[in-house]
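J.: Can you look at this prediction? I've put the sequence above it.
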Amino acid sequence: MKPNLTTQSENTWCPGCPNFMILESIKQTLTKLIESGEQKQTDFAITTDIGCHAKIFDYLNLSGIYCLHGRALPTAIGMKLGNPNLKVLTFAGDGAVYAEGISHFIHAFKYNADMTLILHDNQSFSLTTGQPTPTSQQGYTSKSQSLGVFDKPMNPIKLALASNATFIARTNARDIPHMVEIFTKAIAHKGFSFVEVIQDCLIFNLDANNKDKQMYKIKDNTNKQNAEKLADEFDYNSKSGKIPLGIIYQSKEPTLEEKWPQLKELLNKKTLWKEK
Amino acid sequence: MRLNIIIGGKAGQGINKVSEIVANTLNKYGYFTFNYRDYQSLIRGGHNFNTLSISDTQIESHEARADILVALDEWTIKVHKQALKKNGIIITAEQFKDEKQNLNVTLAGALIKILGIPLKELEQEIKSQFKKYEDALTSTKKGFKSQKRIHQLKKLDNNPSTLSGSQAIAIGAKNSGLDLYIAYPMTPATNVMNELAENQVKDKLMVFQAENEIAAANMALGASFAGTKTMTGTSGGGFDLMGEALSLQGISEIPLTVYLASRPGPGTGVPTYTAQSDLDIALRAGHGEFPRIVIAPGNSVEAIEKTSEALFLAEKFRTLSVILGDKHLAESEFSSIETSSKTPKSKIIRKIPGKNLVKNSSYEIDKFGNSTESYTLTKKNVEKRLAKYGTSKKFIEKKFEMIKIHGNKDSKTLIIGWGSTSGAIKDAIKDLDAKFLQILYMKPLSNQIKEEMEKADKIILVECNVTGQLGRLLREKTGIKIENRLLKYNGRPFHSDELKNSIEKIL
């Protein structure tokens, strides 16, 4: 059945914003899953954070919660505790997850709930007019940091690896086919899948834009040592160096739903808590 | 008839076991008990004590003056000697030092003899508690023989059962079909988490420890959204962290029940002691204006009932329910012959994801659940939330007990109190010409409160905080200022004998 994923809400992203391409990619990904009969439209539930990326909540005709800033991940994990049969997707930004909600990011890998985090990283808090985030490059000057960012950016891929991530991928917001491929693989992964989408902001932190020349595609990787090397290639700071795109690391570990006998039972019987 | 036993010693010496065994024996022998636990924030050493209060009628408090002092160390005698009544008895553990791990049952044997209860009553309790009880029975007998009979407790027909406030809240939650309890450990809320976790698979529920209180509250909202009955619990500091999620509850209208077990603040305060100083945050935490229900049970039976009501109302009105307790309610052990009222049937009939398309949001929404900045829709949504204050109050007035009147109902002296302080007030006024108005629903407030206040010649406010938070709330709602205030704020709950003296001075 052809799903209707479009809503009547007026789109308020800036003209030309890469968020439009991320939205298109997620629609294509879900359309395939629903058309093939693998999933129903109502099987999906999303959480979105606060920021430009989060407006996707209004543009996707899916169940979900438009969450508090920094809290899209715990809310999503709560949904999985509440119904392990839901297919849960979280959309969040670099500011939301790496600043306000960083503790949840680390613990999400530990719990390993079977869900997907799509992280829109434009290295800027754009909806609040361009303040730096933890992945902004050194020297980035904004109204709030008039002297420029002194600190080196954090590397979330390395943090994810250190947190025992079972799925880490990176994709490019200018490349719809690649996003569809990666989103599809992320949703299919059994466990917590983390997808970083490298995205330009056309209004703020322009220096961080146009990284396509540095990007190259890798084969799916399951080797931890290779993953560490790949994670080191891009430091979010320098203009030189390569940016690997694709599945940086994938492994198999018991999921949240498999570890807890109560959830496993709901999953196996495809039932709800209230039908227990 | 009323006796008080103080059992003191270092943490880890087993004072809880002594009071538990003796209380169980007494309950089966027909007596009512109340056990107050006073302990420090440490695992071994220091000074902890229990006050086990005994009566032939229902009691819900302990007294300051003791009849028997059981000292597991020297320090206990130093600290509590002054509390001992004239002719009071001291049992020292020193004389039984050879008993080692059986010291607690030896002391129980000594206590039972002093109370005048036959040894076989205690022996039955020991047999039910230990798998290998031969050595324990020998020690019990030794303790029993070491003392003289001082009191003559006759067997009574009552058959009270004992529960801590935390156990009662867990029972109330289970009665209502709780699915998930998601929390982060914090004294004195954690015991509810422990109670629910013990048999979680068999009980068909799940206890999940989140990475912090912010995560716990947001997870609880996510789980509730998915179609479950979910609760979270914490103390004041954790409740502060949950503030933003409470506000999200307000706008998203996802049902949420929060157990707030308060302790003295600000900051870390005295973390293992008690206070009623978080009424203000229970009523107001969270930005913006949104309806909520705040219920404060005063004993174990009320804790069962009010927990069920909180879960029921959260689901029915898609609102925030706060069960407001404190350390004194959570950790004191109440014996009672009352049975809790029938559990309101709480069914999830709202649309849930997986079956329907459901959108809830932290933004103001249009009819599809998508964000809006329209002034007409904003106003409409605000007014929809506002309407719940009235509809929920009307419903509660009809269905649930919002206040209770104790003591002499015709008295012109009105004492007002709430929560865990209610027990001491009830026991303090047993022989006085006074009426006690116990407030159970802190929000919404019953209209009867103003009527009662207007009828009284003298009103006395009793609370365990320094600013009289209930008094301020009542002044805001009724315009009546309560002049006589008995406020205790040293981290310890009221003793009923001490409170009786204070009330008599005002009368």
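T.: Arrived safely, thanks for sending. None of the values given here were measured: they were computed from a predicted structure.

J.: Who are the contact partners of residue B:370?
T.: A:7, A:8, A:9, A:57, A:58, B:359, B:361 (Cβ atoms under 8 Å, 6 or more residues apart in numbering or on different chains). (Each C-beta comes from the backbone N, C-alpha and C, glycine too.)

J.: What values do phi and psi take at the last one?
T.: Recorded main-chain torsions at residue B:361 are phi -150, psi 160, according to degrees, to the nearest 10.

J.: that older thread, just give me the closest of the contacts of residue B:370 to residue B:24.
T.: residue B:361 (51.8 Å; Cβ to Cβ).

J.: since we're on residue 271, how many residues are nearby?
T.: No chain specified, so I'll use chain A. Neighbours of residue A:271 under the rule other Cβ atoms under 10 Å in any protein chain shown: 14.

J.: meant chain B actually
T.: Quick note: residue B:271 (other Cβ under 10 Å) scores 19 neighbours.

J.: Who are the contact partners of the residue lying closest to it once chain neighbours are set aside?
T.: Closest residue in space to residue B:271, ignoring its immediate chain neighbours: residue B:41 at 5.2 Å, by Cβ to Cβ, 6 or more residues apart in numbering or on different chains. With contact set as Cβ under 8 Å, 6+ apart, residue B:41 has these partners: B:187, B:270, B:271, B:272.

J.: Write out the residues of the stretch 151-300 of chain B neighbouring chain A.
T.: Proximity of the stretch 151-300 of chain B to chain A is confined to B:177, B:179-180, B:182, B:200-201, B:204-206, B:208, B:210-212, B:214-216, B:218-230, B:244-245, B:248, B:252, B:254 under the rule Cβ under 8 Å from any Cβ of the partner chain.

J.: Give me the subset of these lying in helices.
T.: B:214-216, B:218-225, B:244-245, B:248, B:252 (DSSP state H).

J.: what's downstream of the strand or helix carrying residue B:54, the next helix or strand?
T.: Secondary structure assignment for residue B:54, by DSSP states H and E: strand B:45-55. Proceeding N to C from strand B:45-55, the next assigned helix or strand is strand B:66-71, under DSSP H and E.

J.: For the most centrally placed residue in chain A, list each beta-bridge partner.
T.: For chain A, the residue nearest the mean C-alpha position is residue A:118 (1.5 Å; Cα atoms, centre = their mean). Residue A:118 has these beta-bridge partners by DSSP bridges: residue A:91, residue A:195.

J.: Which of the ones in helices among the residues of the stretch 151-300 of chain B next to chain A are buried? Put it as a ChimeraX command.
T.: For the buried members of these, the matching ChimeraX selection, counting by 16 or more other Cβ atoms under 10 Å in any protein chain shown, is:
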select /B:214,215,216,218,219,220,221,222,223,224,225,244,245,248,252
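
J.: Relative to chain A, which of the ones in helices among the residues of the stretch 151-300 of chain B next to chain A is nearest.
T.: Ranked by distance to chain A (Cβ to the nearest Cβ), these are led by residue B:222 at 2.5 Å.

J.: ok, now how distant is residue B:189 from residue B:139?
T.: 36 Å (Cβ to Cβ, to the nearest Å).

J.: neighbour-wise, which of these two wins?
T.: Shown here are residue B:189 and residue B:139; by other Cβ under 10 Å, residue B:189 has more neighbours (29 against 24).

J.: Share the number of residues neighbouring the spatially closest residue to the more buried one that is not a sequence neighbour, please.
T.: In this structure, residue B:189 finds its nearest non-sequential neighbour in residue B:261, 4.0 Å apart by Cβ to Cβ, 6+ apart. A count of neighbours around residue B:261, defined by other Cβ under 10 Å, yields 31.

J.: give me the residue from the stretch 151-276 of chain A nearest chain B.
T.: For the stretch 151-276 of chain A, Cβ to the nearest Cβ, closest residue to chain B: residue A:273, 4.0 Å.

J.: So what's the residue count around the nearest residue to that residue once chain neighbours are set aside?
T.: In this structure, residue A:273 finds its nearest non-sequential neighbour in residue B:179, 4.0 Å apart by Cβ to Cβ, 6+ apart. Neighbour count for residue B:179, taken as other Cβ under 10 Å: 25.

J.: do residue A:11 as well
T.: Neighbours of residue A:11 under the rule other Cβ under 10 Å: 14.

J.: mind checking how far it is from residue A:126?
T.: 15 Å.

J.: ranges for the strands of the stretch 1-150 of chain B?
T.: With DSSP state E, counting those that start in this stretch, the ranges of strands along the stretch 1-150 of chain B come out as B:2-11, B:32-38, B:45-55, B:66-71, B:84-92.

J.: repeat for the stretch 101-250 of chain A
T.: Taking DSSP E, counting those that start in this stretch to define them, one finds strands in the stretch 101-250 of chain A at A:115-121, A:167-172, A:192-198, A:215-217, A:243-250.

J.: same for the second one, what does it pack against?
T.: For strand A:167-172, the helices and strands in contact under the criterion 3 or more Cβ pairs under 8 Å, 6 or more residues apart in numbering or on different chains; DSSP states H and E are helix A:156-162, helix A:176-188, strand A:192-198, strand A:243-250.

J.: In a markdown table: those, plus distance to residue B:278 and mean neighbour count.
T.: Below are the helices and strands packed on strand A:167-172 laid out as a markdown table (distance: least, Cβ to Cβ, whole Å; neighbours: other Cβ atoms under 10 Å in any protein chain shown):
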| stretch | distance to residue B:278 | mean neighbour count |
| --- | --- | --- |
| helix A:156-162 | 36 | 20 |
| helix A:176-188 | 43 | 19 |
| strand A:192-198 | 36 | 26 |
| strand A:243-250 | 45 | 22 |
